[in-house]
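Colleague: fold the following, please.
(one chain, ligands or ions: 1)
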Amino acid sequence: MQNDSILKLEGLTMTFGGLTAVKDLSINVPKGSIVGLIGPNGAGKTTVFNVITGFYEPTAGRVLFKGMDISGKSPHEICSLGIARTFQNIRLFGNETVLQNVMVACNVRVPVRWWEPPLSLPLTRSKERTIRSKAMDLLKKVGLEHLADEIATSLPYGQQRRLEIARALATDPELLLLDEPAAGMNPKETHALMDFIRAIRDLFGLTIMLIEHDMRVVMGICEHIWVLDYGLLIAEGPPSFIQSNKRVIEAYLGEEYARYVDN
Ligand SMILES: Nc1ncnc2c1ncn2[C@@H]1O[C@H](COP(=O)(O)OP(=O)(O)OP(=O)(O)O)[C@@H](O)[C@H]1O
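Modeller: Below you'll find the predicted structure:
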């Protein structure tokens, strides 16, 4: 991997009462890469995302984003600095349109100044026009423009996931964290998602880190993978190394997967 790092975790530990969800994790994510975090259920993957995005303050260790220590900052501050995420369970505003869902997220980047609303309604209107046009532009880029006026939850599942990613992109991130983006997708949707993830990385100049249980996605698009088991890093490397790693096969992938890859 190249050395130009965008995200570094240094000795990250997260405990909940007596449970250590993540223990002494150190990783280095190169700028511009697509990387994966995998492991069995309960291994600590989402906890890592929650610490990076400020939902949890780490018990020990540091999160460095572009060299800046962001450990303990609020989710809002971290989003403003350029880290966006999606969640395992789709979190859209179900009764709002596709366009409105993206417009809400655009707000993070177009702040309303304190003196604007009392003094000048037209300025606020112009701000809304700016946000609307930015949201439409984004929908065009992710191929959802024709669905702008549909109610978000009326979309097929694969499109809802794409909308969730569009909302994350509306905050102008440099680093995008995707939590199980392929969950619940059929094979055709999964295939389209892989192309989509590569395309948005290139189009928006992103670094993308994903948590995923679908090994076709992980092995198909990730350049580097970290494997957690009970909060501990048990292996890291490119897909070819990970899928033949004995410890990873025992803890997570299983013999059946190893035989499938061999054939
Ligand atoms: N807020 C919390 N309070 C207490 N325990 C928690 C909390 N969040 C996570 N945990 C525990 O930490 C461990 C790691 O959970 P986490 O959700 O990070 O795993 P995961 O690898 O993302 O699993 P999955 O693949 O099932 O999503 C689990 O034992 C979980 O129950």
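Colleague: please identify the helix or strand for the residue positioned nearest the centre of the chain.
Modeller: The centroid of the chain falls nearest to Leu177 when counting by Cα atoms, centre = their mean (1.7 Å). Leu177 belongs to strand 175-179 when assigned by DSSP states H and E.
Colleague: check what contacts whichever helix or strand comes after that strand and list those residues.
Modeller: Next along the chain after strand 175-179, taking DSSP H and E as the criterion, comes helix 187-204. For helix 187-204, the external contacting residues (Cβ atoms under 8 Å, 6 or more residues apart in numbering) are 32, 34, 141-142, 156-158, 161-162, 165, 169, 173, 176, 178, 181-182, 185, 206-208, 210, 214, 216-217, 220-221. Every residue, glycine included, has its C-beta placed from N, CA and C.
Colleague: what's the ChimeraX line that selects buried ones from those residues?
Modeller: In ChimeraX syntax, the buried subset of the contacts of helix 187-204 is picked out as below (16 or more other Cβ atoms under 10 Å):
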select :32,34,142,158,161,162,165,169,173,176,178,181,182,185,206,207,208,210,214,217,221
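Colleague: the strand holding Leu177 and the ligand in contact?
Modeller: No: residues of strand 175-179 are not located near the ligand by Cβ under 6 Å from any ligand atom, the shortest gap being 7.7 Å.
Colleague: quick one, helices of this protein?
Modeller: 45-52, 75-81, 98-106, 116-119, 121-141, 157-169, 187-204, 215-221, 239-242, 246-248, 254-262 (DSSP state H).
Colleague: and stretch 104-119, average pLDDT?
Modeller: Regarding stretch 104-119, the rounded mean pLDDT is 64.
Colleague: lowest average confidence, helix or strand, in the chain?
Modeller: helix 116-119 (a mean of 57; mean pLDDT, DSSP states H and E).
Colleague: picking up where we left off before, tilt between the strand holding Leu177 and helix 157-169?
Modeller: 150 degrees (axes from the mean of the first three to the mean of the last three Cα atoms, to 10 degrees).
Colleague: picking up where we left off before, the ligand: which of the helices of the chain is closest?
Modeller: The ligand sits nearest to helix 45-52 of all those, at 3.3 Å, using Cβ to the nearest ligand atom.
Colleague: who's in contact with the closest one?
Modeller: Here helix 45-52 has contacts from 7, 9, 12, 14, 21-22, 25, 37-39, 56-58, 63, 71, 78, 83, 85, 88, 177, 179, 211, 228, 231, using Cβ under 8 Å, 6+ apart.
Colleague: one more pass at 6 Å, please.
Modeller: Residues from elsewhere that reach helix 45-52 (Cβ atoms under 6 Å, 6 or more residues apart in numbering): Met14, Ala21, Val22, Leu37, Gly39, Tyr56, Pro58, Val63, Leu177, Asp179, Ile211, Leu228.
Colleague: need the contact list for the fifth one.
Modeller: When the contact criterion is Cβ under 6 Å, 6+ apart, the partners of Gly39 are Lys45, Val227, Leu228, Asp229, Tyr252.
Colleague: ditto for the third one
Modeller: With contact set as Cβ under 6 Å, 6+ apart, Val22 has these partners: Leu12, Met14, Gly44, Thr47, Val48, Gly231.
Colleague: which ones, among the residues you listed, also lie beside the ligand?
Modeller: Near the ligand, by the rule Cβ under 6 Å from any ligand atom, you find Gly44, Thr47 out of the contacts of Val22.
Colleague: now the contacts of Val22 in a markdown table, please, with extra columns for neighbour count and pLDDT.
Modeller: Below are the contacts of Val22 laid out as a markdown table (neighbours: other Cβ atoms under 10 Å; pLDDT from 0 to 100):
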| residue | neighbour count | pLDDT |
| --- | --- | --- |
| Leu12 | 25 | 98 |
| Met14 | 22 | 98 |
| Gly44 | 26 | 97 |
| Thr47 | 22 | 98 |
| Val48 | 27 | 98 |
| Gly231 | 23 | 97 |
